[in-house]
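>>> Predicted coordinates and the sequence they were generated for:
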Amino acid sequence: MADVKSLIGTKNKKGQTFTDTWTMMHEAPRTPSFYTGSEVIKEALRRASCDVMIAYPITPQSEAAALIGELFAEGYIGDYFRGESEFAVMSQCAGAAFGGARVFTTTAGPGTMRAMENFPMWAGARLPIQMIVTCRGINSPLSIQPDTIEIAYLLNTGMLVWHAETAQDFFDWILKGYMVSEEPDVHLPLALCCDGFFVTHTKDVVNLTPADMCLPPYDPYRSPVPCMDMECPPVRMMRDPFIMKSNYISYATHASWQQEIWAAVERSRKHSIKWLNGLIDTENTDAEIVIVASGTAVSQSREAIRLLEDEGVRCGLVKVKTLRPWPEEEIRDATKNAKHIFVPEFNVIGWLAKEIRATVPNPQRVHAGPHVCGGMTMPPEIIVQEIKTVLGMKTFSMAGRGS
Amino acid sequence: MSDYRVLPGPEHFLPPAAASMGIRLPNPGEAHINGVIVSEEKAYEEAAKQFLMAKVPTLFPGPLVLWAWNENAAKKATAIRHLYNTLKECVQPGQKPMLIPMPDYRPKYPKINPEVEINPNHPNLTIWHNKIDCCMFIGVHCHQANLSLKIIRGGTSCYTIAMCAQAGHEDAMLSFRDASVEKIMKLADWVRKLKGTVQPRLTSAKSGASN
């Protein structure tokens, strides 16, 4: 295989130019476009030099899988097919990645849960698959509405987990995500999450990179594990899994293997900081009240902060971009002046608040809420109400329509 | 910066991955010694010293350089052979350089032959059997090298060096990155340069069979 760097500046079969990713993302001109989040996923994939996309179409949660099918028809994706179920899709993704392909898929809600067994397998096999998670409810009665509870289940799989706020984040992070997860010292799958519907179905202005530029192709020989190239050695050195043996060495190897996965998550920190310009974004963190949020809860928090400013209450904001790697030091530093830390979330269990409580000193400062779930919206007013209640300020009830 | 240092073991029943203890990999042009970032020049000197101090300095070439699967792999293999020959020329009586391959990553059952190979799932057996007190991994896939390096640090007192073709290894006591034919040859040059200036250790690895 040709050195990937030597391909930069050459054209692919669609006439796109393989472009240095930093140049493409930071220096190339951008065109404002008005797209839904699902359309943005398609546009990012058009530029991603993706070899294989496998779909279990999850319309109505997201049209992305179907839209990427159009890309395949246009010749932008190497191969594209439908699996029998979400579990099959994720297993097929593994096969494609084992063979050295750049792989992409999408999922949401119950489908994510059905496929769950595959995610620690992907991480353990060091497969840099990218999976878009357009989060929705998972419990019965089923819902196709946004709810971020499924992220809680992904946090301990060994995958990288990022949480996009906007369609612009989504476009940029799909492309940058491959750059982080394909680093040989990382080489882990990435779950790139967004809040379904709010990001996937609503339209927003997104600044797109030129459509005639695309990422350099994936180089499977920069992998920390052997690529399954059946024609060239080194090949097929992973059979006889040690897990099938019962002795001290088997256990010690498996333990070290698990540690290595989490070491790789740690190593992703440096690359994520470079590509995302930090694991968190902050505003006014010298304030005594700080809101820490991820996903579209960040957008709602911004509006709540504006409303509070009108009432003379100054609030800071921390936008958490990566959940794995977890920005422990960054959050500790950003909240060091806070007397109160509020964590609004689109799920019933408050997984982000639990993570933050385990991270910051004096965790009694952390107020887990407000929470909405099951597809409810989060009006900024309920964030304002939560904060004012804790501060002992007078608030109006937002609970009922009646008296 | 982390206070943790990557030192010869035996460290623990299950030692942590150095990355989880805050040890960071070197950037291009750098190396690390014990988890502290240093210049490549300093790392060449220290690696050569460790080889010349060791009673059984050993090279562990892996699959990426054991087969001529591309032109560069064959050149690296030749350079590794040159490094091994240089070691043999430069050590003093009583020192015994070895070249033991890691041909693949399958666990060896019912029993590995530690005289002829090393395996990432139980590398300590080869270290113990041959009383290896300094070793260098080269041409081993990073994931498997990290498993080996950590298990060796956990259960033996062997000094570990990694000549990595990618980003380096925190779990080694000394690691180069972006390994090339030139870097291997340069290490051989440093071994030759320090010949006769380093006092060999009188004892070999403390743990396992040598305990």
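Alright, I've got the coordinates.
>>> do you know how far the residue located most distally from the centre of chain B is from B:Glu117?
Distance from the centre of chain B peaks at B:Pro110, with 26.0 Å (C-alpha atoms, centre = their mean). Separation of B:Pro110 from B:Glu117 (C-beta to C-beta, to the nearest Å): 15 Å. All C-beta atoms are positioned from the backbone trio N, CA, C, and that covers glycine.
>>> what's in contact with the lengthiest helix in chain B?
Across chain B, the longest stretch assigned as helix under DSSP state H is helix B:71-90. Residues outside helix B:71-90 that contact it (C-beta atoms under 8 Å, 6 or more residues apart in numbering or on different chains): B:51-52, B:57, B:59, B:61, B:64-68, B:97, B:99, B:138-139, B:179-181, B:184-185, B:187-188, B:191-192, B:194-196.
>>> CA atoms of that helix as CSV?
Only the C-alpha atoms of helix B:71-90 are listed here, as CSV (Å, rounded to 0.1, in the frame of the first residue of the first chain):
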residue,chain,number,x,y,z
GLU,B,71,11.2,-3.6,1.7
ASN,B,72,11.6,-1.5,4.8
ALA,B,73,11.0,-4.5,7.1
ALA,B,74,13.8,-6.4,5.4
LYS,B,75,16.2,-3.4,5.9
LYS,B,76,15.2,-3.1,9.5
ALA,B,77,15.9,-6.8,10.1
THR,B,78,19.3,-6.3,8.7
ALA,B,79,19.9,-3.4,11.0
ILE,B,80,18.7,-5.4,14.0
ARG,B,81,21.2,-8.1,13.1
HIS,B,82,23.9,-5.5,12.9
LEU,B,83,22.9,-4.2,16.4
TYR,B,84,23.0,-7.7,17.8
ASN,B,85,26.5,-8.3,16.2
THR,B,86,27.7,-5.0,17.6
LEU,B,87,26.5,-6.0,21.1
LYS,B,88,28.3,-9.2,20.8
GLU,B,89,31.5,-7.4,19.8
CYS,B,90,31.2,-4.8,22.6
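>>> What residues sit buried inside that helix?
Buried residues in helix B:71-90, defined by neighbour count with 16 or more other C-beta atoms under 10 Å in any protein chain shown: B:Ala73, B:Lys76, B:Ala77, B:Ala79, B:Ile80, B:Leu83, B:Tyr84, B:Thr86, B:Leu87, B:Cys90.
>>> Grab the most central residue of chain B for me.
In chain B, the centroid-proximal residue (C-alpha atoms, centre = their mean) is B:Met136; its distance is 1.8 Å.
>>> Surely that residue is in a helix?
No: the assignment for B:Met136, made by DSSP: H, G, I helix; E, B strand; the rest coil, is strand rather than a helix.
>>> contacting residues around it?
B:Met136 makes contact with B:Ala47, B:Phe51, B:Thr58, B:Leu59, B:Phe60, B:Thr160, B:Ile161, B:Ala162, B:Met163, according to C-beta under 8 Å, 6+ apart.
>>> Which of the residues you listed fall in helices?
B:Ala47, B:Phe51.
>>> Now, the contacts of B:Met136 that are in strands?
In this view, the contacts of B:Met136 that belong to strands under DSSP state E are B:Thr58, B:Leu59, B:Phe60, B:Thr160, B:Ile161, B:Ala162, B:Met163.
>>> Can you tell me which of those residues is nearest chain A?
Closest to chain A out of these is B:Ala162 (12.0 Å), distances taken as C-beta to the nearest C-beta.
>>> beta partners of the closest one?
B:Phe137, B:Ser175 (DSSP bridges).
>>> burial measure for it, as a count.
Other residues lying near B:Ala162 total 29 when counted by other C-beta atoms under 10 Å in any protein chain shown.
>>> Tell me the most packed of the contacts of B:Met136, by neighbour count.
B:Met163 (32 neighbours).
>>> residues in contact with it?
Each residue near B:Met163 by C-beta under 8 Å, 6+ apart is listed here: B:Met136, B:Phe137, B:Ile138, B:Phe176, B:Ala179, B:Lys183, B:Ile184, B:Leu187.
>>> related to what we said a few turns ago, which SSE is the residue farthest from the centre of chain B in?
Counting by DSSP states H and E, no helix or strand carries B:Pro110.
>>> what does A:Trp173 give?
Element membership of A:Trp173, judged by DSSP H and E, is helix A:167-181.
>>> Keeping just the C-alphas, turn that helix into CSV.
The C-alpha trace of helix A:167-181 is given here as CSV (Å, rounded to 0.1, in the frame of the first residue of the first chain):
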residue,chain,number,x,y,z
ALA,A,167,-24.8,20.3,13.8
GLN,A,168,-21.6,22.3,13.3
ASP,A,169,-20.0,20.3,16.0
PHE,A,170,-21.3,17.2,14.4
PHE,A,171,-19.8,18.0,10.9
ASP,A,172,-16.4,19.0,12.3
TRP,A,173,-16.2,16.1,14.8
ILE,A,174,-17.1,13.4,12.4
LEU,A,175,-14.0,14.3,10.3
LYS,A,176,-11.7,15.1,13.3
GLY,A,177,-12.9,12.0,15.1
TYR,A,178,-11.3,9.8,12.6
MET,A,179,-8.0,11.6,13.1
VAL,A,180,-8.1,10.9,16.8
SER,A,181,-9.4,7.4,16.8
